[in-house]
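K.L.:
After the sequence you'll find the predicted model.
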Amino acid sequence: MTYKSTFQDRAAQAAQAKQKALEQLQSRPPVDEKLAAERIAAGEEKAAAKAQKAAAKKAEREAGKEAQAADAAAKAAAAAPKSEAELKAARDARYAKRKARR
C-alpha cells in the first residue's frame, strides 16, 4: 500500500521547513558595520575607476576622430583645384627647369 500525504502532512512539513529557515536566519552572525562600510567604499572606488577609464577611452576615441577629420581636410585641401596664381607659378617653375637643362 502506498502512502499518500494528506494536506495536513504537507502543511506540517511546510511549517517545519519555514521554522528551520527562520532558525538558520536568526543564527547568522550580525553584520559588522565597519566591514560593510569598507566593502561599500571599495565598490565605489572600483566604480569611479571604471568611469574614469571609460571617460579616458572616450576622449581618446574622440581625439582619433578629430585627427582623422583633420587628415581628411588636409587631403581635401591638397586635392582641391589650385588657384590661377599657383598654376602659373608651377608652370613658370617647370619652364625655368627646362631652360636650366639646355
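P.N.:
Perfect, I can see it now. Only a predicted model underlies this, so the values are computations on that prediction, with no experimental measurement involved.

K.L.:
Could you report the separation of the spatially most central residue of the chain from E62?
P.N.:
Nearest residue to the geometric centre of the chain (C-alpha atoms, centre = their mean): A54, 4.8 Å. Noted for A54: a distance of 13 Å to E62, by C-beta to C-beta, to the nearest Å. C-beta coordinates here come from the backbone N, C-alpha and C atoms, glycine included.

K.L.:
mind checking how far stretch 73-93 is from the chain centre?
P.N.:
44 Å (C-alpha atoms, centre = their mean, to the nearest Å).

K.L.:
can you pull out the helices in the chain?
P.N.:
7-26, 33-79, 84-101 (DSSP state H).

K.L.:
export those helices to a markdown table and tack on mean pLDDT?
P.N.:
Below are these laid out as a markdown table (pLDDT from 0 to 100):
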| stretch | mean pLDDT |
| --- | --- |
| helix 7-26 | 94 |
| helix 33-79 | 92 |
| helix 84-101 | 89 |
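
K.L.:
Quick one: neighbours of D9, just the number.
P.N.:
11 (other C-beta atoms under 10 Å).

K.L.:
I should have written E33 there, sorry.
P.N.:
8.

K.L.:
likewise A56?
P.N.:
10.

K.L.:
and what of R98?
P.N.:
Neighbour number of R98 under other C-beta under 10 Å is 9.

K.L.:
Over to A90?
P.N.:
Neighbour tally, A90, other C-beta under 10 Å: 11.

K.L.:
which residue sits closest to it, ignoring its sequence neighbours?
P.N.:
Leaving aside its sequence neighbours, A90 sits nearest to K82 (C-beta to C-beta, 6 or more residues apart in numbering; 7.5 Å).

K.L.:
distance of the one you found from A89?
P.N.:
9 Å.

K.L.:
Could you measure from K58 over to Q68?
P.N.:
From K58 to Q68 the distance is 16 Å (C-beta to C-beta).

K.L.:
Likewise for A89?
P.N.:
For A89, the distance to Q68 - C-beta to C-beta - is 31 Å.

K.L.:
and stretch 49-60, how far out from the chain's middle?
P.N.:
Worked out by C-alpha atoms, centre = their mean, stretch 49-60 lies 7 Å from the chain centre.

K.L.:
err, stretch 20-36, not the other one
P.N.:
Distance of stretch 20-36 from the chain centroid (C-alpha atoms, centre = their mean) equals 37 Å.
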